[in-house]
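>>> Next comes the sequence, and after it the predicted model I'd like to discuss.
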Amino acid sequence: MNPFSSGTRLRDMIRAIRACKTAAEERAVVRKECAAIRAAVSDNDQEYRHRNLAKLMFIHMLGYPTHFGQMECLKLIASAGFPEKRIGYLGLMLLLDERQEVLMLVTNSLKQDLNHSNQYIVGLALCALGNICSAEMARDLAPEVERLLQSRDPNIKKKAALCSIRIVRKVPDLAENFMSPAAALLKEKHHGVLIAGVQLCTDLCKASSEALGYLRKNCTEGSVRILRDVSNSSYAPEYDISGITDPFLHIRVLKLMRMLGQGDVDASEFINDILAQVATKIESNKNAGNAILYECVETIMGIEATGGLRVLAINILGRFLSNRDNNIRYVALNMLMKSVVVDSQAMQRHRTTILECVKDSDASIRKRALELVCLLVNDTNVKPLTKELIDYLEVSDEEFKGDLTEKICSIVERFSSEKLWYIDQMLKILSEAGNHVKDEVWHSLIVVISNAADLQGYTVRSLYKAFQTSSLQVGLVRVALWCIGEYGEMLVNGAGMLAAEEPVTVTESDAIDVVEVALKSHSSDITIRAMSLIALLKLSSRFPPTSERIRELIIQHKGNFELELQQRSIEFNNIIQKHKNIQSSLVERMPVLDESTYVGRKATDVPAVKPSKANLSGTSLNLQNGVTKPPAASMGDLLDLSSDDVPATKSSTSDFLQDLLGIDLGTPVPSGSAFSGGSDILMDLLSIGSPIPNDSSPPNSVSSSVANSSAVALDKFSSLTSTSSSLSSEALTIDPLRGIEQIIRSPPSTAPIVDLLDGLSNHVSVSGSEKPDFPAITAFESNSLKIAFSFTKLPGRQHDTQIKATFTNKSSNEYTDFIFQAAVPKFIQLHLDPASSSTLPASGKGSITQTLSVTNSQHGQKPLAMRVRMAYKVNNQDLLEQGQITSFPPGL
Amino acid sequence: MIRFILLQNRQGKTRLAKYYVPLEESEKHKVEYEFRTHKVIYRRYAGLFFSMCVDITDNELAYLECIHLFVEILDHFFSNVCELDLVFNFNKVYLILDEFILAGELQETSKKAIIERMGELEKQE
């Protein structure tokens, strides 16, 4: 006989398989065995059937297909003897599961075996039913199982109880049939029956609310008794685990109590005492004891327990936190996290211990603890907690720093009450983990700094100091560069010295050294380099004597492979060299960034967007709707950040002129979006300086309308910055520009742009640090008509705005019967004053003005918006133009 | 409840696999320590890993104790159990498990009761 035929014994097959050195050999052995078993199956071999099935089970365990053995299981189960049935049921449970159709065939055999006179055979059937029955079988065989629950044999009873759990899980409708036998099981003495009964009751509570009500009434007392008995029982060697009698029964009863007490004051009150007893009595030096305490805590937290009991529970968890076993610390943190809503005050007492867990050697414990700490922060403890966390940041693992930094930042942002504290903490974080700080975090830091006029000197000096030690932390370097560029003079002259501040002597060239280091460091990315260049440009005007050195630094990048840097280098060089007269106004300090809108915008940002992008695209988006901050500010933002998106910047430098001409000369465009590349560029140029003060004199209204409308095209921001700066050099090289300006704005504003710029710089120096008034806008423009809006607000009346509309005729025909109409959303009230005239002379030789009074009832939440319609006659022919204005300056 | 129990050696060879909820064959072979929305409690004894996949709300510490009890029962039954005992007597291991856990829930917590029950069943053969 072939050694691998079905004649071999099971042991021999296992040995043969174990002896295989490669997977291929093993497959060969298994294939031969399977072939032999198949042959035996088709011969209907009786003698070796159970041996073959045993082999198949082993083969199955190794992961080979064995479905051809399924019918063999059924045959064995149907045979009369216990050994055959035993192996048949075992095979059934291993080779099949509830999803196989074949399983239905076994229902009848199961039914017979459940009624068998041999209790061992009944046990086999119950076991199989409990492990793999389907919903259908559950329904069919439930009456048998129900009957067996009343059996006298505890072995049958406990198996029937667990089998009922499976039945109820499969068919919850049957729960009611099992309520009363389940309740009766709790009166038993046998631990196996008790534990099975308790588990059945727990599952019944989950399955049906009726069963829950019944068991609450009939079992609460019983469960308390079981717990009391088992917890007070004297030493029972059979059930003893490290000095505790049957911890498993403890735990199961506690779980049942949780079901019974949840949401029910009476039942909870009944359970309170025994819970307190267990919670105080159980020793916590072994895992078994801790398992019980843990379950007990969960039950206390789950039911309507008394306050004192809850404090006791939290204290147990607090003790767990100092346990040496990782598992116990881990589960304690999980449970504390769940309990934080229940009683956060009791938890505050364990803050120090929880904080220690943040420094745990186990990564998952650290993570949990950190999350928990964040839940525990409040106004009173934020300072010491932040200090601890930041101190730990220094020594924490590199891979944990990301998480830690993120959490600290969110805590600091959420709970900062004073700006000084916020700035201090952020600087510490940036110095320790500036590489892990997300972009929006340092962006908002900059917003805060820009708003804290009295702290700017202090901040820039602190950043200077921090840079000396942490020049490799990207986030720190960026913020430092920005601040040194903006507030460089405060670094040198020590303005705004705080009382507690340590004085530091920095010379102009020291300040430039810092930027130079950042610019030249190998670890600097393109954003840092681009920011360095901007900072240098700004410093060149802040520190005039150093401007030659700065120019030399800047010009080193004129051949840089990064187009962005190359461009900045060349343009800035030109500015320093050739345009001293406008340089200082070009690099004026950035206007104050509007904090509230920044925060609001952050809140509305879709979280899915990548952080750095979110900031930028968020800007463009919101500006289109006119919600956010003054355009100049956002442009400033962009200007510095643009290199985040370098690839995109490369596009439009060369063809911006075409853009400029093409778009602006185009056909009438629906108003809101009417403003194009050309104006963006101009505007950006302006934004380097400062927002423009408004009066409605023509040149200014042009320039500022430009500033505003350009926001619309912000999605092109990348092209914007590059072109902007390119314009600054090219456009400023004068003459062609005059031409451009004429082409663009064909007739009306005859003031050449150079004038405009000059005028601007005059204004700028005046308006410098003041909060800008609302810039005028070009509300509507088509080939034939242009409407400019200028705004005035009466002091103390935030909701009301006076809009002065100026209509200009761009065509060569006179317009008569000119009527302007406007419509606004419901939350705005509009009043139109009579127009100055109804006749609009041709070619901009005159204009009509009209005053609109607007009341925005949702001021600060919603921006102004307006639809306009202009009806007029040209040569007695009716004409109609309409549009929508969304480009109102924010804050109206 | 217990979803499944696995016993594997350090090479990843499965020595026991018991499923109380059905799984696809392909899923059975890629089971890892994080399984769907359940948690896997495991404990290592020499070269063998005992894993139990349980509900997310279950008491981890209790199942650690449960694994230990199972190991003690095996140890008792085979008197000083080793991996080879489990390989050659895999069917016995399954039978012990069936006396210990049923329908994914604990059936008997007395080591003595289980060993005695196994003896009785052997006598029936």
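Yes, it's here. Quick caveat: nothing in here was measured; it's all calculated off a predicted structure.

>>> Now do stretch A:124-140, average pLDDT.
Per-region confidence: stretch A:124-140 scores 94 on mean pLDDT.

>>> what about that stretch, how long is it end to end?
End-to-end distance for stretch A:124-140, by Cα to Cα, to the nearest Å: 18 Å.

>>> So which bits of that stretch are buried?
For stretch A:124-140, a neighbour-count test (16 or more other Cβ atoms under 10 Å in any protein chain shown) marks A:124-134, A:137-138, A:140 as buried. Glycine gets a C-beta too; all of them are placed from N, C-alpha and C.

>>> what does the stretch 101-250 of chain A put close to chain B?
Within the stretch 101-250 of chain A, the positions adjacent to chain B are A:120, A:126-127, A:130-131, A:155, A:158-159, A:162-163, A:165-166, A:191-192, A:195-196, A:199, A:238-239, A:241, A:246-249 by Cβ under 8 Å from any Cβ of the partner chain.

>>> Which ChimeraX command selects the buried ones in these?
To isolate the buried ones among those in ChimeraX, judged by 16+ other Cβ under 10 Å, type:
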select /A:120,126,127,130,131,155,158,159,162,163,165,166,191,192,195,196,199,239,241,246,247,248,249
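
>>> picking up where we left off before, I'd like the buried residues of stretch A:124-140 as CSV, with secondary structure appended.
Putting the buried residues of stretch A:124-140 into CSV (DSSP: H, G, I helix; E, B strand; the rest coil) gives the following:
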residue, secondary structure
A:124, helix
A:125, helix
A:126, helix
A:127, helix
A:128, helix
A:129, helix
A:130, helix
A:131, helix
A:132, helix
A:133, coil
A:134, coil
A:137, helix
A:138, helix
A:140, helix
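
>>> which of the residues you listed lies closest to chain B?
Using Cβ to the nearest Cβ, residue A:130 comes nearest to chain B of the buried residues of stretch A:124-140, at 3.9 Å.

>>> list the contacts for the closest one?
Contacts for residue A:130 (Cβ atoms under 8 Å, 6 or more residues apart in numbering or on different chains) come out as A:159, A:162, A:163, A:165, A:166, B:102, B:103.

>>> Which members of the residues you listed occur in helices, if any?
Residues of these located in helices (DSSP state H): A:159, A:162, A:163, A:165, A:166.

>>> tell me the contacts of the third one?
For residue A:163, the contacting residues are A:126, A:129, A:130, A:133, A:145, A:148, B:102, B:103, taking Cβ under 8 Å, 6+ apart as the criterion.

>>> Quick check: closest non-adjacent residue to it.
Spatial nearest neighbour of residue A:163, excluding adjacent residues (Cβ to Cβ, 6 or more residues apart in numbering or on different chains): residue A:130 at 3.9 Å.

>>> Would you quantify the distance from the one you found to residue A:259?
Going from residue A:130 to residue A:259 by Cβ to Cβ, to the nearest Å gives 21 Å.

>>> cool, and residue A:160?
According to Cβ to Cβ, residue A:160 stands 21 Å off from residue A:259.

>>> higher neighbour count, those two?
With neighbours defined as other Cβ atoms under 10 Å in any protein chain shown, residue A:160 and residue A:259 compare such that residue A:160 has more, 32 against 23.

>>> Without its sequence neighbours, what residue ends up closest to the more buried one?
Excluding the flanking residues, the one nearest residue A:160 by Cβ to Cβ, 6+ apart is residue A:148, at 3.9 Å.

>>> Could you pull out the helices in chain B for me?
Taking DSSP H as the criterion, chain B contains helices spanning B:25-29, B:60-77, B:83-88, B:90-100, B:111-124.

>>> what does the stretch 501-650 of chain A give?
A:508-520, A:526-542, A:547-555, A:563-578, A:580-586, A:595-604, A:611-624, A:631-641, A:646-649 (DSSP state H, counting those that start in this stretch).

>>> Now residue A:183: closest residue in space, sequence neighbours ignored.
Nearest residue to residue A:183, sequence neighbours excluded (Cβ to Cβ, 6+ apart): residue A:218, at 4.7 Å.

>>> er, residue A:850 I mean
residue A:835 (4.1 Å).

>>> host element of the one you found?
For residue A:835, there is no host helix or strand (DSSP states H and E).
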